[in-house]
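Undergrad: got a sequence here, can you build the structure:
(2 chains)
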Number of protein chains: 2
Amino acid sequence: MASKPARQTQITAAEKLFRQKGYLATTARDLAKASGVRGADVDKEKLLWAIASRAADEFFAALRPIVESDEPAQLKLRHAIIAHVGVITRNLDAAAVYFNEWRHLGVRRRNRFARRRDEYEALFRAILREGINAGLFTPVDEKFGSLLILSALNWTHQWYKPDGPLTAEEVGRTLADFLMNGLYRTA
Amino acid sequence: MASKPARQTQITAAEKLFRQKGYLATTARDLAKASGVRGADVDKEKLLWAIASRAADEFFAALRPIVESDEPAQLKLRHAIIAHVGVITRNLDAAAVYFNEWRHLGVRRRNRFARRRDEYEALFRAILREGINAGLFTPVDEKFGSLLILSALNWTHQWYKPDGPLTAEEVGRTLADFLMNGLYRTA
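TA: Numbers count the residues shown, from 1 in each chain, chains lettered A, B, ... in the order given. Purely as a prediction, here's the structure:
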């Protein structure tokens, strides 16, 4: 088994390669070369699983305290949006792999991944339901609504530039304003 | 050169394979096998270009008449959203390739693709600007606003099921309502 720093080097190299070339086109040789370990010691699918499950952990760790707080639903949703965008922008390579490459996991891990992702989406659905029940939000279909919100947030990994004009927090706030208020001018 | 129906068979096979496996992991042999032509006659990048530029043509063909109409901006945007979702859902494989695989085009075609995509986004920006100037829309950053709208629409290709409960038109209308009105209950 690789030492902890060596393991981290492998994961970082895999995040970059899986994002750039895609999981299927990345060879054990590419991974070995990029992380300086012997090709025979590289387990591609295990690396994909490590990246995907670590990203899932981070999404949950950021969202759980918000969902469990006593804030009203509109603040929960605002904070959830900012937190989600924060996780994406902190590691854009990992986020791209999480969103685009997970379907190449073996069937058991893929099912586990899909279950966790659904549990995560359920937290967003719960916030929407809370806001709808409180009369704060328009009674949209919760599944459709949370899917739409997450889609708008997840796309961030494709265009966000860490050295661009907007901080992650500003992107989160702007997305929250837009999704909650819509485009129509109300006043 | 392949005959027209043979060419179409090749393109359809490439759309499916590029979507499932990704462009880089799809071999000329896979393509030849799926479309029944000799491997030597398959030009992978040309097929990618054919798929991407045809999809671009369809997006433009659907949007142009809406932009050039005399409708007020809020109707233009609503119809643009429905039209865009319509193009995606009519050929989900092609849409997935258009969104995810174009970056594997050679540099000249990639630049051409990026220019056309920007021209297309500019049509959405023009609708937003029109609505903002008319005092109908909140003065959002047009670039950010059109990016957010397109992101929410483009994700459709990942979850839309042609045999699911919603027609493409219903998806488009629901997305338009959500993006234009936002989640807050206004009445």
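Undergrad: check chain A for the residue nearest chain B and tell me.
TA: residue A:182 (2.9 Å; CB to the nearest CB). Quick note: C-beta positions are derived from backbone N, CA and C, even for glycine.
Undergrad: residues touching the nearest residue to that residue once chain neighbours are set aside, list them.
TA: For residue A:182, ignoring the flanking residues on the chain, the nearest one in space by CB to CB, 6 or more residues apart in numbering or on different chains is residue B:182 at 2.9 Å. Contacts for residue B:182 (CB atoms under 8 Å, 6 or more residues apart in numbering or on different chains) come out as A:138, A:178, A:179, A:180, A:181, A:182, A:183, A:184.
Undergrad: for residue A:170, same thing?
TA: Residue A:170 neighbours (CB under 8 Å, 6+ apart): none.
Undergrad: thinking again about what came up before, now do the phi/psi pair for the residue nearest to residue A:182.
TA: phi 80, psi 180 (degrees, to the nearest 10).
Undergrad: mind checking which helix or strand residue A:114 is in?
TA: Element membership for residue A:114 (DSSP states H and E) is helix A:107-133.
Undergrad: in the helix or strand just after that helix, what counts as buried?
TA: Downstream of helix A:107-133, the next assigned helix or strand under DSSP H and E is helix A:142-154. If you call a residue buried by 16 or more other CB atoms under 10 Å in any protein chain shown, then helix A:142-154 has these buried ones: A:142, A:144, A:145, A:146, A:147, A:148, A:149, A:150, A:151, A:152, A:153, A:154.
Undergrad: which residues touch helix A:142-154?
TA: A:77, A:81, A:84-85, A:88, A:95, A:99, A:121, A:124-125, A:128-129, A:132, A:175, A:178-179, B:148, B:151-152, B:154-155, B:158-159, B:174-175, B:178, B:183.
Undergrad: at 7 Å instead, please
TA: A:81, A:84-85, A:99, A:121, A:124-125, A:128-129, A:175, A:179, B:148, B:151-152, B:155, B:159, B:174-175, B:178, B:183 (CB atoms under 7 Å, 6 or more residues apart in numbering or on different chains).
Undergrad: now swap in stretch A:62-71 and tell me
TA: A:76, A:79, A:80, A:83, A:84, A:86, A:87, A:123, A:126, A:127.
Undergrad: check the offset of it from the chain's centre.
TA: Its chain's C-alpha centre and that of stretch A:62-71 lie 17 Å apart, by CA atoms, centre = their mean, to the nearest Å.
Undergrad: and if you look at stretch A:144-152?
TA: For stretch A:144-152, the distance to the chain centre is 13 Å (CA atoms, centre = their mean).
Undergrad: average pLDDT across stretch A:49-68?
TA: For stretch A:49-68, the mean per-residue pLDDT is 98.
Undergrad: typo on my end, it should be stretch A:119-130
TA: 98.
Undergrad: now do stretch A:166-185
TA: Per-residue scores along stretch A:166-185 average to 93.
Undergrad: now do stretch A:17-35
TA: Mean per-residue pLDDT for stretch A:17-35: 93.
Undergrad: hmm, back to that, how much space separates the residue of chain A closest to chain B from residue A:62?
TA: 25 Å (CB to CB, to the nearest Å).
Undergrad: residue A:5: neighbour count?
TA: Residues lying near residue A:5 (other CB atoms under 10 Å in any protein chain shown) number 8.
Undergrad: tell me the contacts of it?
TA: Here residue A:5 is in contact with no residue (CB under 7 Å, 6+ apart).
Undergrad: just the element for it, please.
TA: helix A:4-21.
Undergrad: and the next helix or strand past that helix?
TA: Counting by DSSP H and E, what follows helix A:4-21 is helix A:28-35.
Undergrad: just to revisit the earlier point, filter the contacts of helix A:142-154 to the buried ones?
TA: Looks like these have A:81, A:84-85, A:99, A:121, A:124-125, A:128-129, A:175, A:179, B:148, B:151-152, B:155, B:174-175, B:178, B:183 buried, using 16+ other CB under 10 Å.
Undergrad: neighbour-wise, which one of the contacts of stretch A:62-71 leads?
TA: Ranking those using other CB under 10 Å puts residue A:127 first, with 27 neighbours.
Undergrad: read off the pLDDT value for the spatially closest residue to residue A:185 that is not a sequence neighbour.
TA: Beyond its immediate neighbours in the sequence, the residue positioned closest to residue A:185 (CB to CB, 6+ apart) is residue B:138, lying 5.1 Å away. Residue B:138 is assigned a pLDDT of 93 by the prediction.
Undergrad: dump the residue contacts of residue B:138.
TA: Contacts of residue B:138 (CB under 7 Å, 6+ apart): A:181, A:183, A:185.
Undergrad: turn the residues you listed into CSV, columns for distance to residue B:66 and secondary structure.
TA: Formatted as CSV, the contacts of residue B:138 follow (distance: CB to CB, whole Å; DSSP: H, G, I helix; E, B strand; the rest coil):
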residue, distance to residue B:66, secondary structure
A:181, 24, helix
A:183, 16, coil
A:185, 21, coil
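Undergrad: give me the number of neighbouring residues for the residue lying closest to residue A:44 once chain neighbours are set aside.
TA: Leaving aside its chain neighbours, residue A:44 sits nearest to residue A:28 (5.9 Å; criterion: CB to CB, 6+ apart). A total of 16 residues lie near residue A:28 under the criterion other CB under 10 Å.
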